[in-house]
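Undergrad: Okay, sequence plus prediction incoming.
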Amino acid sequence: MTIDLAVIGGTGVYALGELADAEAFQPDTAYGVPSGPIRVGTYAGKRVAFLARHGEGHSLPPHKINYRANLVALKEMGAQRVLALNTVGGISERFGPRVLACPDQLIDYTWGRISTLCEEPGSEVLHVDFGEPYTTSLRQAIVQAAHQASVAIVDAGCYGATQGPRLETKAEIARMRRDGCDLVGMTGMPEAGLARELGLDYACLAIVANWAAGAGPDADAVITLQDVLDNVAVAMAGVPKVLQRLLVRHSE
């Protein structure tokens, strides 16, 4: 099977409405089953696969997602390029709610997750280069596609991956700001690292759903799930245009 692009959806993104003639696949891998069915169909004339990272009913918390099975299943089905949609909080000024961003750096604050294909005895030890955690060519293609589609996007930024599922304290966000993080999410790792071990082209399109704790114009604002979902719905309006242009660019 040839897949031009695989899309992994995060919180609030459980389907691609523009995916036509989709078939559902439920593969099993050496690492178990993925989060849910992988739906493969036609999008802008290309073969696209979609997987809801948390499950289509949002039943999986970030630390319980089988990231290895998700990525291995996509690769075994023929995907080489993976676009990760990540719902995040904004820390820096440019990354307010309803912004789309394509980060270029990453800090991992997660713990206890299986983060490598080298876990099992006898597995090959992979010391992959991870200085640039996102594939530069794919990241640049996403940014250019957004510009061509007249969709506002913030180019670059640092994503801080936290454990979840709880949101962060103000002190934790203050530390992350000092560390250089612009965005905070719960699923950026180990997904990006595993993609590198598998040799997949991988990039993140971050959907800013809220200001992180203590960030933004109202440092005491309470973050509600409804606000998150409302902001994701607005920001997602530009994503189909970016995807369409990205797929067209890849075939040119």
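TA: Sure, I can see it. Numbering: from 1, shown residues only.

Undergrad: Are we agreed that Arg175 is in a strand?
TA: No: under DSSP: H, G, I helix; E, B strand; the rest coil, Arg175 sits outside any strand and is assigned helix.

Undergrad: For it, give its distance to Cys181.
TA: Arg175 sits 9 Å away from Cys181, taking CB to CB, to the nearest Å as the criterion. All C-beta spots, glycine's among them, are computed from the backbone N, C-alpha and C.

Undergrad: Looking at those two, which has the bigger crowd around it?
TA: It is Cys181, of Arg175 and Cys181, that has more neighbours when counted by other CB atoms under 10 Å, with 26 against 14.

Undergrad: and stretch 113-131, average pLDDT?
TA: For stretch 113-131, the mean pLDDT works out to 90.

Undergrad: before we move on, what about stretch 189-205?
TA: Here the average pLDDT along stretch 189-205 is 98.

Undergrad: List the buried residues in it.
TA: For stretch 189-205, a neighbour-count test (16 or more other CB atoms under 10 Å) marks 189-198, 200-205 as buried.

Undergrad: For that stretch, output the C-alpha coordinates as PDB.
TA: Taking C-alpha atoms only, stretch 189-205 is exported to PDB below (Å, rounded to 0.1, in the frame of the first residue of the first chain):
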ATOM      1  CA  MET A 189       7.500  12.500  23.100                       C
ATOM      2  CA  PRO A 190       8.300   9.600  22.800                       C
ATOM      3  CA  GLU A 191       6.400  10.000  19.400                       C
ATOM      4  CA  ALA A 192       9.100  12.100  17.700                       C
ATOM      5  CA  GLY A 193      12.000  10.000  19.000                       C
ATOM      6  CA  LEU A 194      10.400   6.800  17.800                       C
ATOM      7  CA  ALA A 195       9.700   8.200  14.400                       C
ATOM      8  CA  ARG A 196      13.400   9.000  14.100                       C
ATOM      9  CA  GLU A 197      14.400   5.500  15.100                       C
ATOM     10  CA  LEU A 198      12.000   4.200  12.400                       C
ATOM     11  CA  GLY A 199      13.500   6.400   9.800                       C
ATOM     12  CA  LEU A 200      10.200   8.300   9.200                       C
ATOM     13  CA  ASP A 201       9.900  11.900   8.100                       C
ATOM     14  CA  TYR A 202       8.100  13.500  11.000                       C
ATOM     15  CA  ALA A 203       6.900  17.000  11.900                       C
ATOM     16  CA  CYS A 204       4.500  18.600  14.300                       C
ATOM     17  CA  LEU A 205       1.700  21.000  13.400                       C
END
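
Undergrad: gap between it and the chain center?
TA: Computed by CA atoms, centre = their mean, to the nearest Å, the separation of stretch 189-205 from the middle of its chain amounts to 9 Å.

Undergrad: Over to stretch 114-129?
TA: Counting by CA atoms, centre = their mean, stretch 114-129 comes out at 22 Å from the chain centroid.

Undergrad: and for it, what are the contacting residues?
TA: Applying CB atoms under 8 Å, 6 or more residues apart in numbering, the contact partners of stretch 114-129 are 67-68, 189-190, 193-194, 196-198.

Undergrad: Next, format the residues you listed as TSV and append secondary structure.
TA: Putting the contacts of stretch 114-129 into TSV (three-state DSSP) gives the following:
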residue	secondary structure
Tyr67	helix
Arg68	helix
Met189	coil
Pro190	coil
Gly193	helix
Leu194	helix
Arg196	helix
Glu197	helix
Leu198	coil
